[in-house]
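Trainee: from the sequence below, what's the structure:
(one chain, ligands or ions: 3)
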Amino acid sequence: MNIQVISNKNYLEENELSVFFVYEDNNVDLKNEVLNTFFKDFEAKYSKIDICKIFKDDKLIDLMLVGLGKKNEISIDDIRNLGGNISKKLKKYNIKEINFLNIKENLNYREIEALVEGLKLGEYTFDKYKSDKKESVDKNINLNLDENYNDYIKQGELLAEIALISRNLVNEPSNVIYPETLANEVINLGKEYGFETEVYGKEDIEKLGMESFISVAKGSDKEPKLIVMKYNGDKESNEILGLVGKGLTYDSGGYSIKPTNSMVDMKTDMGGAAAVIGAMCGISKSKLNKNVVAVVAACENLISGHAYKPGDIINSMGKKTIEILNTDAEGRLTLIDAVYYAINNENVTKVVDIATLTGAAVVALGTVATPIISNNDEFYNKLDKAASLSGEKIWRMPVFEEFKKVLKGKEADLNNSPGRDGGCITAGLFIGEFVGNTPWIHMDIAGTSVSSKDFGYKSKGATGEGARTLYNLAKLI
Ligand code: BES
Ligand code: MN
Ligand code: ZN
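Mentor: Ligands and ions are numbered 1, 2, ... in the order given. Okay, the predicted model is just below:
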């Protein structure tokens with residue numbers, strides 16, 4: 001998709017599709033009788049999209065009318081979704097080029113940024129493995145604006161781009177994206193976008209004392225990789241934001257094996273990793289004057305003669321011992337070592353971990369919002385702002401002492417599976433045991449990282465959840 005600013009394109013051309021936004025509560029007067037009649041007949045409910053032909057000055061003109069609903073009811077995220085819906089229409093009718101004519105009169109700078117973001121995100125489908133996929137034509141989107149809008153258009157495009165990087169990584173199956181190939185993708189993205197990547201293999205991981213991470217990885221023939229991404233945009237400051245993403249390239253559950261129906265989607269268990277990778281691309285491409293280190297402990301949770309087992313007692317980089325009650329509660333085991341490493345070896349001064357961690361998160365907030373745990377109000381408030389900018393919904397969960405008590409092990413310091421009650425809170429707090437006093441945020445995207453349907457700027461499969469919010473967070477801190 002090609003998004004271009006074309007100034008003064010406010011005339012109607014034959015064989016071109018002209019798009020007009022219409023508010024329900026706006027009396028449009030386009031100084032044009034034919035159009036006015038058309039607009040009056042159009043019921044401009046939010047996201048109503050009509051395509052029609054009109055006859056004007058002996059020419060047959062293609063028109064798309066787009067309803068915006070009531071002016072004071074529409075949000076930025078509504079505009080983003082509207083962009084997505086328009087993209088889906090273009091795809092459906094195989095439309096190659098459109099001209100947004102009255103855009104300046106109806107949308108402000110931020111809304112135009114969101115429209116561009118939505119157009120780009122809504123176009124996406126993951127169909128590369130389908131033989132009968134529709135040949136996709138590259139679309140030209142012409143916006144009747146001037147260069148004052150360029151920065152906003154660029155920003156909208158970048159936000160979409162980084163979420164799409166995440167979506168692609170998540171949608172790839174686990175026979176294509178496994179720890180080594182994920183690391184290679186990150187190395188290439190780092191070269192393209194401008195961040196450093198270090199990749200550590202099994203021996204290094206063992207030397208670092210990451211017994212918890214290694215225990216999860218042991219059952220697979222594929223070597224685990226510790227992937228570290230670094231962006232140093234503020235040489236004067238010691239402040240470093242740490243981003244840690246869960247990178248299970250496949251989660252079978254291990255010996256606490258998942259039923260097939262739950263297992264089939266578990267190539268997406270690296271959605272957290274994909275989010276931090278996407279965010280790093282955005283941070284470095286925009287050359288933010290911030291320091292950011294992202295860490296992904298990438299591995300597969302499988303079954304073999306080498307796999308860890310329920311009842312095992314293992315150690316961790318933070319030197320707390322853990323009894324394994326359930327090998328399917330593996331994400332937290334990889335995350336504690338990654339978070340501990342980020343704080344103690346990379347000296348991050350604030351840390352966010354993001355993970356497809358628990359089914360309990362889906363029970364709590366469905367696919368609508370991401371549950372959050374945090375030990376720091378100020379840091380959480382920044383995330384809240386960042387999430388509202390991206391239109392991603394978050395909700396802070398309560399941290400009561402009762403939830404911490406159940407983390408204790410019988411024969412070890414901790415256990416990895418305290419039971420169903422408050423499951424997404426206890427999983428988050430388990431990670432919290434390894435952050436000390438460092439300001440910390442935990443995001444459980446198990447419900448939000450994958451969408452079951454095409455809607456607005458989302459498409460079936462990975463949503464890219466977290467990438468845009470973490471990028472916004474890096475800007476805000
Ligand atoms: N990767 C899963 C969580 C998940 C579930 C992600 C559904 C996306 C959709 C995680 O590793 C897991 O299996 N969690 C268990 C934890 C339990 C054994 C304590 C769960 O939620 O059932
Ligand atoms: Mn699991
Ligand atoms: Zn998992």
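Trainee: just the pLDDT for Lys133.
Mentor: Turning to Lys133, the model gives it a pLDDT of 86.
Trainee: now it: how far from ligand 3?
Mentor: 30 Å (Cβ to the ion, to the nearest Å). (C-beta placed from N, C-alpha, C; glycine too.)
Trainee: pretty sure that residue sits against Asp127.
Mentor: Yes. With contacts counted by Cβ atoms under 8 Å, Lys133 reaches Asp127, the gap being 4.3 Å.
Trainee: higher neighbour count, these two?
Mentor: Asp127 (14 against 10; other Cβ atoms under 10 Å).
Trainee: for the more buried one, give me its contacts.
Mentor: Contacts for Asp127 were tallied using Cβ atoms under 8 Å, 6 or more residues apart in numbering; they are Lys133.
Trainee: mind doing that once more with 10 Å?
Mentor: Lys133, Lys134, Ser136, Asn171, Ser459, Gly461 (Cβ atoms under 10 Å, 6 or more residues apart in numbering).
Trainee: which helix or which strand is home to the first one?
Mentor: Spelled out, that is Lys133. Assigned by DSSP states H and E, Lys133 belongs to no helix or strand.
Trainee: and the worst-scoring helix or strand of the chain on mean pLDDT, which residues are buried?
Mentor: Least confident helix or strand, the chain: helix 33-41 with a mean of 76, by mean pLDDT, DSSP states H and E. The neighbour-count check on helix 33-41 (16 or more other Cβ atoms under 10 Å) flags Leu35, Phe38, Phe39 as buried.
Trainee: and stretch 423-441, how far out from the chain middle?
Mentor: 21 Å (Cα atoms, centre = their mean, to the nearest Å).
Trainee: an error on my part: the question was meant for stretch 137-145.
Mentor: Worked out by Cα atoms, centre = their mean, stretch 137-145 lies 25 Å from the chain centre.
Trainee: likewise stretch 383-396?
Mentor: Offset of stretch 383-396 from its chain centre (Cα atoms, centre = their mean): 12 Å.
Trainee: and the residue nearest to Glu16 when sequence neighbours are not counted, its phi and psi?
Mentor: In this structure, Glu16 finds its nearest non-sequential neighbour in Asn99, 6.0 Å apart by Cβ to Cβ, 6 or more residues apart in numbering. Phi and psi for Asn99, reported as degrees, to the nearest 10, are phi -120, psi 120.
Trainee: how about the residues of this structure that lie near ligand 2?
Mentor: When proximity is defined as Cβ under 5 Å from the ion, the chain approaches ligand 2 at Asp251, Asp328, Glu330.
Trainee: so which of these are also by ligand 3?
Mentor: Asp251.
Trainee: just give me the closest of the residues of the chain next to ligand 2 to Ile277.
Mentor: Relative to Ile277, the closest of the residues of the chain next to ligand 2 is Asp251; by Cβ to Cβ it sits at 18.3 Å.
Trainee: so that closest one makes contact with Ser262?
Mentor: Yes. Contact between Asp251 and Ser262 holds when scored by Cβ atoms under 10 Å: they sit 9.4 Å apart.
Trainee: the two: who's more crowded?
Mentor: Legend: neighbour count by other Cβ under 10 Å for Asp251 and Ser262, higher for Asp251 (27 against 14).
Trainee: give me every residue that touches the more buried one.
Mentor: 174, 216, 258, 262-263, 265-270, 299-302, 327-328, 330-331, 356.
Trainee: backbone dihedrals for the closest residue to ligand 2 within the chain, please?
Mentor: Nearest residue of the chain to ligand 2: Asp328, at 3.8 Å (Cβ to the ion). Asp328 adopts backbone torsions of phi -80, psi -10, taken as degrees, to the nearest 10.
Trainee: next: Asp57.
Mentor: phi 50, psi 50.
Trainee: kindly report the same for the one 10 residues further on.
Mentor: For Gly67, the backbone dihedrals are phi -80, psi 140 (criterion: degrees, to the nearest 10).
Trainee: and what of Ser452?
Mentor: Dihedral angles (degrees, to the nearest 10) for Ser452: phi -90, psi -10.
Trainee: what's the answer for the one 4 residues further on, then?
Mentor: For Gly456, the backbone dihedrals (degrees, to the nearest 10) come out as phi 50, psi -130.
Trainee: remind me which residues of the stretch 351-477 of the chain are low pLDDT?
Mentor: Nowhere does the stretch 351-477 of the chain drop to pLDDT under 70.
Trainee: residues from it in reach of ligand 1?
Mentor: For the stretch 351-477 of the chain, the contact set with ligand 1 under Cβ under 6 Å from any ligand atom comprises Thr356, Leu357, Thr358, Gly359, Ala360, Val362, Ser417, Ala446.
Trainee: any chance of these in TSV, with neighbour count too?
Mentor: Output for these, formatted as TSV (neighbours: other Cβ atoms under 10 Å):
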residue	neighbour count
Thr356	31
Leu357	29
Thr358	23
Gly359	15
Ala360	20
Val362	17
Ser417	20
Ala446	28
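Trainee: now, those that are in helices?
Mentor: Under the assignment DSSP state H, those contribute Gly359, Ala360, Val362 to helices.
Trainee: my read: the first one touches Gly331, true?
Mentor: No. Between Gly359 and Gly331 there is no contact under Cβ under 10 Å: 11.3 Å.
Trainee: what touches both of the two?
Mentor: Counting by Cβ under 10 Å, 6+ apart, the shared contacts of Gly359 and Gly331 are Ala446.
Trainee: any idea which helix or strand carries the closest residue to ligand 1 within the stretch 101-250 of the chain?
Mentor: Nearest residue of the stretch 101-250 of the chain to ligand 1, counting by Cβ to the nearest ligand atom: Leu248, 6.4 Å away. Using DSSP H and E, Leu248 sits within strand 241-251.
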